[in-house]
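**Student:** Provided below are the primary sequence and the corresponding predicted coordinates.
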Amino acid sequence: MDRVEVPDADEQFRSAVMPSDGGERWVRDSLAGHDVPVGCEAPDKVPSPLSHSDAMELIRLCRAGRLYEVEAWIRAGRSLNVPREVRTPLRVALESGFHSLIELLLRHEESRHVKNDALSQALFMDKPEVVQLALASGAEITSVPFLDVLLTGDRGLVASFIERGADPIANYSFARAFHQLRAKTTIGSYLDCRRIRPDLAEGLQRQADMALRQFAQDGNLKWVSLLMWAGADPRSSGPTVEDADDSEWSTTALHEACGSGNVGVLKRLRPDQRDDLRGMLERAAERANADTLQYLLALGANPNDKPDGGSSALDSCLRILGWEELERVEHGDFAIYEESPEKPSSGRSAIRVLLRHGAVWTPDASSLESTRRILYKLEPDVLVELLGQLRTRETGESALRELLRVRQLRQYLAFCERRLARLGGGEEASQQSASTSRAIPGQILTWDDRWRVFDAVWSKPIAKVARRYGMPAVELLQACKQLEIPMPPRGYWAKKKAGQPVPRRPRLPALKGAFR
């Protein structure tokens, strides 16, 4: 029979490959399926594969659970090595769940690769007892990712891998398991690992901190609390789990909590005046989180952080207001922004919080054009307060003149001041808005507002127009009726959005009544 060429100098290796009984054996790489060059690390030394008919007979016995016949097959010295296109006997036994047959095959399997494959399959199928058998039979700990072990949720199994030398630091296994599995057993395994491997405490701490940053970003109060109990540090800097591979990204759990919108998470992390309140306020303003802004300002955060004494947080909230009525819609490989359904304005709420705490508006001259469009979306009392800030400062006079250069904004500001004067003005206006819903429309709108209101109600749904003017939709409808403003028919906006034909916008008729 042909034999594999082996260097004569390596007699010990020759005897291992060629047994004394003369049976044919050779060295092959079980993964790549080709002969391994001389000089490479010695691979598994397995017997030659069975013929296809013999392999199918062995598989039939395993599938039928013929334990004693498989044992007789092995005792007769017949190989367990099947051709590559045939499923291995161990795979078949694992699928059948016949524990005694699995144990028999593992005990007599000579291929390390097949044992490693059985270990991986046992983890995937959640068979911890088979995992232990594979390890005891020589399967390699490093052949399976430690994350897969953690995702079983079996605390005893995880401890067994750690004791056998598994690497819990590579690939941030604990951090990823915290986020993916979200099981309390992972907390127990983490504490077990710190006890068993105290030399890895620093790397394990980094993973707990990473997971804390991720859960703070998600706004998950339960897991933020669990990781804080386990010793995670909210002030440590680094990436989140989702950005673990980005070496340039660095944040803290405190900053991520400010952007989550869940002020309860931020309170659980217990920030104080020693922390970067300025950066945290900026992060909360970028998401227009009014409750978080309120909490940070109460802690002592300074809203006016710009060199000119203005508030960058206020600038951020105003920019957000320009995008609030749009939402991101994915279309294949790109995204567009479309009008979103009616929803509460987080930007307006955040602006009110900042103004109550003394935030000062110092608009940038280069952005006045875009700012002017945003001002139309503010409630009358907020708009008057912002422009009033410019009126009281010498440095704001030029910005105010530029903003009021457009006739429509001058008319809108006049409407706002007139409305606030009739409601009592100032901050009381927002508190009295509920009681004004029964007011006579003529007390809110005048003949001078007629053309502007007509243009608005034919440009957007009545609910959006009413929100812009800071009044209930019913009140605006009553005002339009008295001002003799023709309204879009019922279903107009739904048909227009669906692309169906709609009536043309009419001309604004002359006012016949004596409305003022």
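**Tutor:** Perfect, I can see it now. Residues are numbered from 1 along each chain as shown.
**Student:** show me where the stretch 201-350 of the chain has helices.
**Tutor:** Applying DSSP state H, counting those that start in this stretch to the stretch 201-350 of the chain gives helices spanning 201-218, 221-229, 253-260, 263-269, 277-286, 290-299, 312-321, 346-356.
**Student:** any idea which of these is most buried?
**Tutor:** Among the helices of the stretch 201-350 of the chain, helix 253-260 has the highest mean neighbour count (mean count of other C-beta atoms under 10 Å), at a mean of 26. For the C-beta atoms, the positions are set from N, CA and C on the backbone; glycine is no exception.
**Student:** still on that earlier bit, quick one, which of the helices of the stretch 201-350 of the chain gets closest to residue 71.
**Tutor:** Among the helices of the stretch 201-350 of the chain, helix 201-218 comes nearest to residue 71, with 45.1 Å by C-beta to C-beta.
**Student:** between the closest one and helix 253-260, how big is the angle?
**Tutor:** For helix 201-218 against helix 253-260, the angle by axes from the mean of the first three to the mean of the last three C-alpha atoms, to 10 degrees is 20 degrees.
**Student:** what does helix 201-218 contact?
**Tutor:** Contacts to helix 201-218, defined as C-beta atoms under 8 Å, 6 or more residues apart in numbering, come from residues 168-169, 172-175, 178-179, 190, 193-194, 197, 223-224, 227-228, 230-234, 236, 238-242, 244, 251-254, 256-257, 259-260, 265, 269.
**Student:** Mind doing that once more with 6 Å?
**Tutor:** Under the contact criterion C-beta atoms under 6 Å, 6 or more residues apart in numbering, helix 201-218 has outside partners 169, 172, 174-175, 178-179, 194, 223-224, 227, 232-233, 236, 238, 240-241, 253, 256-257, 260, 265.
**Student:** what angle do that helix and helix 221-229 make?
**Tutor:** Using the same axes, to 10 degrees: helix 201-218 against helix 221-229 is 160 degrees.
**Student:** Now mean pLDDT and distance to residue 186 too, for the helices of the stretch 201-350 of the chain, in TSV please.
**Tutor:** TSV is the format used below for the helices of the stretch 201-350 of the chain (pLDDT from 0 to 100; distance: least, C-beta to C-beta, whole Å):
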stretch	mean pLDDT	distance to residue 186
helix 201-218	96	9
helix 221-229	96	9
helix 253-260	94	18
helix 263-269	96	19
helix 277-286	93	28
helix 290-299	95	29
helix 312-321	87	37
helix 346-356	87	34
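**Student:** which one of those lies closest to residue 483?
**Tutor:** That would be helix 346-356 among these, by C-beta to C-beta, at 26.2 Å.
**Student:** How far away from the center of its chain is that closest one?
**Tutor:** 26 Å (C-alpha atoms, centre = their mean, to the nearest Å).
**Student:** Remind me what it packs against, helices and strands.
**Tutor:** helix 290-299, helix 312-321 (3 or more C-beta pairs under 6 Å, 6 or more residues apart in numbering; DSSP states H and E).
**Student:** One more pass at 10 Å, please.
**Tutor:** helix 277-286, helix 290-299, helix 312-321, helix 380-391 (3 or more C-beta pairs under 10 Å, 6 or more residues apart in numbering; DSSP states H and E).
**Student:** out of the ones you listed, which comes closest to residue 357?
**Tutor:** Among the helices and strands packed on helix 346-356, helix 290-299 comes nearest to residue 357, with 4.5 Å by C-beta to C-beta.
**Student:** Break the chain into its domains for me.
**Tutor:** Domain ranges of the chain: 49-140, 145-270, 446-516, per automatic domain parsing.
**Student:** possible to save the helices and strands packed on helix 346-356 as TSV with distance to residue 452?
**Tutor:** Listed next are the helices and strands packed on helix 346-356 as TSV, based on distance: least, C-beta to C-beta, whole Å:
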stretch	distance to residue 452
helix 277-286	31
helix 290-299	30
helix 312-321	20
helix 380-391	14
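**Student:** nearest to residue 62, of these?
**Tutor:** The minimum distance between residue 62 and the helices and strands packed on helix 346-356 falls on helix 277-286, with 59.5 Å, by C-beta to C-beta.
**Student:** Taking helix 346-356 as reference, get the angle to the closest one.
**Tutor:** Following the same axes, to 10 degrees, one obtains 140 degrees for the angle between helix 277-286 and helix 346-356.
**Student:** Okay, angle between helix 277-286 and helix 290-299 too, please.
**Tutor:** Compare the direction of helix 277-286 with that of helix 290-299 by the same axes, to 10 degrees and you get 160 degrees.
**Student:** So residue 82 is in contact with residue 89, correct?
**Tutor:** Yes - with contacts defined as C-beta atoms under 10 Å, residue 82 counts as touching residue 89 at a distance of 7.0 Å.
**Student:** now residue 227, nearest residue through space, not along the chain?
**Tutor:** The shortest distance from residue 227 to any non-neighbouring residue, by C-beta to C-beta, 6 or more residues apart in numbering, is to residue 212 (4.5 Å).
**Student:** what about that neighbour, distance to residue 205?
**Tutor:** 11 Å (C-beta to C-beta, to the nearest Å).
**Student:** Residue 79 too?
**Tutor:** Distance from residue 79 to residue 205, by C-beta to C-beta: 50 Å.
**Student:** And for residue 408?
**Tutor:** Distance, residue 408 to residue 205, using C-beta to C-beta: 58 Å.
**Student:** Just give me the neighbour total for the residue lying closest to residue 250 once chain neighbours are set aside.
**Tutor:** Leaving aside its sequence neighbours, residue 250 sits nearest to residue 237 (C-beta to C-beta, 6+ apart; 5.0 Å). If you count neighbours by other C-beta atoms under 10 Å, residue 237 ends up with 12.
**Student:** is it true that residue 237 touches residue 255?
**Tutor:** Yes - in terms of C-beta under 10 Å, residue 237 counts as a neighbour of residue 255; the distance is 9.1 Å.
**Student:** residue ranges with poor pLDDT in this structure?
**Tutor:** 1-47, 324-345, 411, 418-448, 468-470, 513-516 (pLDDT under 70).
**Student:** Please name the residues that touch the nearest residue to residue 295 once chain neighbours are set aside.
**Tutor:** Distance criterion C-beta to C-beta, 6+ apart; nearest residue to residue 295, sequence neighbours excluded, is residue 263 at 5.4 Å. For residue 263, the contact set (C-beta atoms under 10 Å, 6 or more residues apart in numbering) comprises 219, 257, 284, 289, 290, 291, 292, 293, 294, 295, 296.
**Student:** returning to that earlier point: how about the helices and strands packed on helix 346-356, which one is nearest residue 125?
**Tutor:** Per C-beta to C-beta, nearest to residue 125 of these: helix 277-286, 44.1 Å.
**Student:** May I have that closest one as CSV, with CA atoms only?
**Tutor:** C-alpha atoms of helix 277-286 as CSV (Å, rounded to 0.1, in the frame of the first residue of the first chain):
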residue,chain,number,x,y,z
LEU,A,277,-21.8,69.8,33.6
ARG,A,278,-21.2,72.1,30.6
GLY,A,279,-20.6,69.1,28.2
MET,A,280,-23.5,67.2,29.7
LEU,A,281,-25.8,70.3,29.2
GLU,A,282,-24.7,70.5,25.6
ARG,A,283,-25.4,66.8,25.1
ALA,A,284,-28.9,67.2,26.5
ALA,A,285,-29.5,70.3,24.4
GLU,A,286,-28.5,68.4,21.2
